[in-house]
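1. using only what follows, build the 3D model:
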Amino acid sequence: MFKKILFSLVVLVAIAVVVIAARPSAFAVERSAEIEAPADVVFGLVNDLHNWPSWSPWDKLDPDQTRTFEGAEAGKGAIFSWKGNDKVGEGRMTIDDSRVNEHVALTLEFLKPWKSTNKVTFALAGGEKTKIVWRMEGAYDFFGKAMSLFMDMDSMVGKDFETGLASLGQFAKVAAEKRASEEKARLQAEEAAAAAAAQEAAAAEEVAGAHE
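-> Numbering: from 1, shown residues only. Have a look, this model is predicted:
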């Protein structure tokens, strides 16, 4: 009887191993959004890793996490590392490629609670409004394949992407409105200065004409 039970267990384990091994070895998560802000504003919030804490869906999970910035100030070569509670773990992001207002590519490394390396890209297009596509690609190890039987990466991360894009859109819109307001104030100041200069020039001409 015991041998039959043991044999059955071995068979079940073997079947499980075959099923898990046959699972897809790669995954991709992608979400997109239209943001009411110019591409250069949105690009700046993504391309400069110092801005990520303001809109990242994971930063709020541990406000006390340790954040470290290294390498370039922004763009290719910029590095952002974090270390926090069990919800955010420990990891590092490195910008590998950056094309102004169009594309940002990163390597995302998780160090804890488990190790993995994924590729992340942001594609941007648009004028006054920006279409942005956030995509992450990676590979499953055997444990990851087993976990994907119950919950795939899209289910785990997709909602975070949606939350992050919504937050990015809010910050980008505020930043764009602030810039537009500052630009309007600058133009008004220049117009006022030009008008004052014109008045002074006219007054000077009148004085000069009176002395002739």
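2. C-alpha from now on. contacts and neighbour counts both.
-> Noted.
3. so after the host helix or strand of Glu34, what's the next helix or strand?
-> In this assignment (DSSP states H and E), Glu34 forms part of strand 26-35. Sequence order places helix 39-47 as the next helix or strand after strand 26-35, per DSSP H and E.
4. packing partners for the following helix or strand past that following helix?
-> As assigned by DSSP H and E, the chain's next helix or strand after helix 39-47 is helix 52-55. Packed against helix 52-55 by the contact rule (3 or more CA pairs under 8 Å, 6 or more residues apart in numbering; DSSP states H and E) you find helix 153-210.
5. average pLDDT across the helix it packs on?
-> Average pLDDT, helix 153-210: 78.
6. so how far is Pro53 from Pro63?
-> 9 Å (CA to CA, to the nearest Å).
7. just Gly164 next, same as before
-> In terms of CA to CA, Gly164 sits 11 Å off from Pro53.
8. same deal with Pro113?
-> 21 Å.
9. contact partners for the residue most central in space within the chain?
-> Residue closest to the average C-alpha location in the chain (CA atoms, centre = their mean): Val46, at 4.9 Å. Going by CA atoms under 8 Å, 6 or more residues apart in numbering, Val46 touches 52, 104.
10. renumber starting at 803 from here on
-> All set: I'll call the first residue 803, so the last point we hit is now Val848.
11. per-residue confidence for it?
-> Reported pLDDT for Val848: 97.
12. cool, Gly891 as well?
-> In this prediction Gly891 is given a pLDDT of 91.
13. and the residue lying closest to it once chain neighbours are set aside, how many neighbours does it have?
-> In this structure, Gly891 finds its nearest non-sequential neighbour in Lys914, 5.1 Å apart by CA to CA, 6 or more residues apart in numbering. When neighbours are defined as other CA atoms under 10 Å, Lys914 has 15 of them.
14. name the residues linked to Lys914 by a beta bridge.
-> Glu892 (DSSP bridges).
15. equivalent analysis for Ala907, please.
-> Asp899, Thr923.
16. measure it to Lys921 for me?
-> Applying CA to CA to Ala907 and Lys921 gives a distance of 7 Å.
17. neighbour-wise, which of those two wins?
-> Neighbour tally, Ala907 and Lys921, criterion other CA under 10 Å: the higher count belongs to Ala907, 21 against 18.
18. contacting residues for the more buried one?
-> 897-900, 921-924.
19. try 7 Å this time
-> 897-900, 922-924 (CA atoms under 7 Å, 6 or more residues apart in numbering).
20. same deal with Leu967?
-> By CA under 7 Å, 6+ apart, the neighbours of Leu967 are Ala835.
21. hmm, try it at 10 Å
-> By CA atoms under 10 Å, 6 or more residues apart in numbering, the contact list for Leu967 reads 833-837, 857-859, 934-936, 961, 973.
22. where's it relative to Lys931, distance?
-> 14 Å.
23. mutual contacts of these two, please.
-> Looking at what touches both Leu967 and Lys931 (by CA under 10 Å, 6+ apart), the common residues are 836-837.
24. what about Trp884, how many neighbours?
-> 18.
25. show me the contacts for the closest residue to it other than its chain neighbours.
-> Nearest non-adjacent residue to Trp884, counting by CA to CA, 6+ apart: Arg869, 4.6 Å away. Listed by CA under 10 Å, 6+ apart, the contact set of Arg869 reads 852, 855, 861, 882-886, 894.
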